[in-house]
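# sequence? don't have it. structure:
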């Protein structure tokens with residue numbers, strides 16, 4: 001066959017076939033990948049799977065001990081309003097830009113939160129953003145929008161009504177028209193980790209949250225006795241890959257001052273009975289189909305509500321992004337002897353063709369893994385109302401809990417991969433000496449083997465011991481009149 005004028009035919013692109021090829025591809029990756037976020041929390045451990053993966057962070061959780069974590073030396077801005085502000089600050093920081101430039105143009109960047117400014121700054125830094133457009137993510141992040149899309153897809157929500165309310169009387173009128181009763185849960189369209197969820201039973205409750213709800217569309221639900229079940233997935237060109245189910249820890253006063261605040265997760269093979277596990281995964285698949293139809297590709301998280309009285313499963317919310325549950329998901333999918341779920345997200349945004357049998361992966365993952373693979377994580381926040389200044393905080397690494405309930409530092413560690421048993425935990429600090437100690441400030445994240453909740457959804461005794469032992473490592477002093485009042489960003493979602 002005669003070659004076309006001008007030279008030979010270009011070589012065909014390599015196609016990755018199956019999980020083994022994909023793993024090898026990431027282990028030999030030559031393109032710099034950057035996770036730009038306040039801390040490495042959401043993607044802890046991904047650097048063990050992906051060559052040339054770096055964390056670009058503002059808060060120095062590892063104090064220079066993690067070879068893949070970069071933190072600029074000059075960090076004089078501390079008044080960020082959200083995670084996206086931190087990312088934008090980093091992408092404008094000369095030292096961070098120099099770190100990126102040394103590794104060459106054409107790098108890729110991923111985030112938890114980003115906006116249009118983030119996308120523009122990333123392009124200026126020579127980076128490709130590995131997410132759908134921020135405008136699409138924002139629209140699909142609305143609890144109101146996703147409730148309507150889920151209804152169309154046949155994914156049910158708790159009995160609810162959607163509308164605008166300007167007073168308690170208007171709220172009760174909306175609820176009564178839908179037959180919801182007077183014990184209500186009201187959600188605003190946007191808000192992470194329970195910050196947009198309010199429990200209203202009477203005028204007093206409404207007065208406490210009205211400022212966050214009036215003059216906007218809200219979702220008003222009948223209050224049920226439920227457990228929150230989290231499942232993450234990734235929308236790919238071959239279908240939606242669905243991760244493991246886990247329960248959420250919500251509102252425990254030892255961990256958070258917020259009644260509906262998310263404060264951790266438990267993940268194990270029997271979060272739901274087999275039949276309900278299948279139903280839950282089908283709900284996530286349908287939601288993945290909805291997201292794909294809307295033009296979305298990549299990672300997302302779904303909160304399902306398991307009604308303990310009716311045994312029904314309902315949609316709670318959909319987060320089109322990484323979430324606070326992502327470290328547990330990626331840790332657990334490693335145990336399937338495959339690879340972390342987030343790598344399927346990366347594949348969609350890298351210059352490579354691949355073939356995967358998504359149905360086979362999902363069927364295998366639905367069958368689960370060994371009973372010994374039980375993990376939990378705690379998001380530990382300050383619950384006291386006093387305002388003080390930290391003078392000492394526990395370091396990041398592996399800690400050990402003795403029989404008397406005392407914690408001691410065992411060894412340096414970058415994530416939870418080396419934990420031996422339930423007596424050990426990986427702690428990643430967020431609060432550092434010099435930070436403000438105030439109600440709601442995040443202290444750190446603890447990951448350990450074993451359950452953190454009992455069968456009737458109370459904290460286990462071991463969990464309570466871990467919380468007390470880690471909190472005992474924090475030392476603070478009262479503020480002096482001249483001390484500036486500043487706040488540390490809650491570095492999670």
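Looks like it came in fine. The structure presented is a predicted model; accordingly, all values stated were derived computationally and were not measured.

# Every contact and neighbour count from this point should use C-alpha atoms.
Will do.

# Go ahead and flag the most central residue of the protein.
Taking C-alpha atoms, centre = their mean, the centroid of the chain lies closest to residue 323, which sits 1.6 Å from it.

# Look up phi and psi at that one.
For residue 323, the backbone dihedrals (degrees, to the nearest 10) come out as phi -140, psi -180.

# So it sits against residue 111, correct?
No - using C-alpha atoms under 8 Å, residue 323 makes no contact with residue 111, being 10.5 Å away.

# Pretty sure residue 392 sits against residue 472.
No - counting by C-alpha under 8 Å, residue 392 does not reach residue 472; the two are 10.5 Å apart.

# In terms of packing, which of these two has more residues around it?
Neighbours were counted for residue 392 and for residue 472 using other C-alpha atoms under 10 Å; residue 392 has more, 16 against 13.

# Quick one: low-confidence residue ranges for the stretch 351-493 of the chain.
Low-confidence segments of the stretch 351-493 of the chain (pLDDT under 70): 369-372, 481-493.

# The longest helix anywhere in the chain packs against which elements?
Assignment by DSSP state H gives helix 274-293 as the longest helix of the chain. Counting by 3 or more C-alpha pairs under 8 Å, 6 or more residues apart in numbering; DSSP states H and E, the packing neighbours recorded for helix 274-293 are helix 143-153, strand 226-236, strand 239-250.

# cutoff 7 Å now
Under the contact criterion of 3 or more C-alpha pairs under 7 Å, 6 or more residues apart in numbering; DSSP states H and E, helix 274-293 touches strand 239-250.

# So what does residue 30 have for phi and psi?
Per degrees, to the nearest 10, the backbone of residue 30 is at phi -110, psi -10.

# which residues does it contact?
residue 52 (C-alpha atoms under 7 Å, 6 or more residues apart in numbering).

# which residues sit in contact with the residue nearest to residue 17 when sequence neighbours are not counted?
Distances taken as C-alpha to C-alpha, 6 or more residues apart in numbering put residue 355 closest to residue 17, at 5.0 Å, once the chain neighbours are dropped. By C-alpha under 7 Å, 6+ apart, the residues touching residue 355 are 16, 17, 18.

# before we move on, what about residue 61?
39, 396, 428, 429, 430.

# now residue 255
263, 379, 380, 381, 383.

# Let me know the closest of those residues to residue 417.
residue 379 (18.5 Å; C-alpha to C-alpha).

# What is the neighbour count of that closest one?
Residue 379: 21 neighbours (other C-alpha under 10 Å).

# still on that earlier bit, sort out which of the contacts of residue 355 are buried, if you could.
residue 16 (16 or more other C-alpha atoms under 10 Å).

# And the contacts of residue 355, which is closest to residue 27?
residue 16 (13.3 Å).

# The closest one contacts residue 23, correct?
No - with contact defined as C-alpha atoms under 7 Å, residue 16 does not count as touching residue 23 (9.6 Å).

# thinking again about what came up before, by pLDDT, give me the weakest of the contacts of residue 355.
Of all these, residue 18 carries the smallest pLDDT score, 92.

# just so I have it, where are all the strands in the stretch 351-493 of the chain?
Secondary structure of the stretch 351-493 of the chain, counting by DSSP state E, counting those that start in this stretch: strands at 353-355, 375-381, 388-392, 397-401, 407-411, 424-429, 436-437, 442-449, 475-478.

# Now do the buried residues in the longest helix of the chain.
Buried, per 16+ other C-alpha under 10 Å, within helix 274-293: 277, 280-281, 283-292.

# do the same with stretch 359-373
361, 362, 365, 366, 368, 369, 373.

# How much space separates the fifth one from residue 269?
With distances taken as C-alpha to C-alpha, to the nearest Å, residue 368 is found 6 Å from residue 269.

# can you check the fourth one too?
With distances defined as C-alpha to C-alpha, the gap from residue 366 to residue 269 amounts to 9 Å.

# cool, the second one as well?
Shown here: residue 362 relative to residue 269, a distance of 14 Å by C-alpha to C-alpha.

# Now residue 118: closest residue in space that isn't a chain neighbour?
residue 88 (5.5 Å).

# That neighbour belongs to a helix?
Yes - counting by DSSP: H, G, I helix; E, B strand; the rest coil, residue 88 falls inside a helix.

# Tell me how many other residues crowd it.
21.

# Same question for residue 397.
22.

# tell me the pLDDT at residue 270?
On the pLDDT scale, residue 270 gets 88.

# What of the one 5 residues further on?
Model confidence at residue 275, given as pLDDT, is 91.

# how far away is it from residue 133?
For residue 275 relative to residue 133 (C-alpha to C-alpha), the value is 36 Å.

# Over to residue 278?
31 Å.

# and residue 199, what does it touch?
184, 185, 186.

# Of those residues, which is the most crowded?
Result: residue 186 is most packed of the contacts of residue 199 (other C-alpha under 10 Å), 23 neighbours.

# Wait, that residue touches residue 197, no?
Yes - assessed by C-alpha under 7 Å, residue 186 is found in contact with residue 197 at 5.9 Å.

# For the residue nearest to residue 308 when sequence neighbours are not counted, give the beta-bridge partners.
By the measure of C-alpha to C-alpha, 6+ apart, the closest residue to residue 308 outside its immediate chain neighbours is residue 226, 5.3 Å from it. Following DSSP bridges, residue 226 is listed with bridge partners residue 307.
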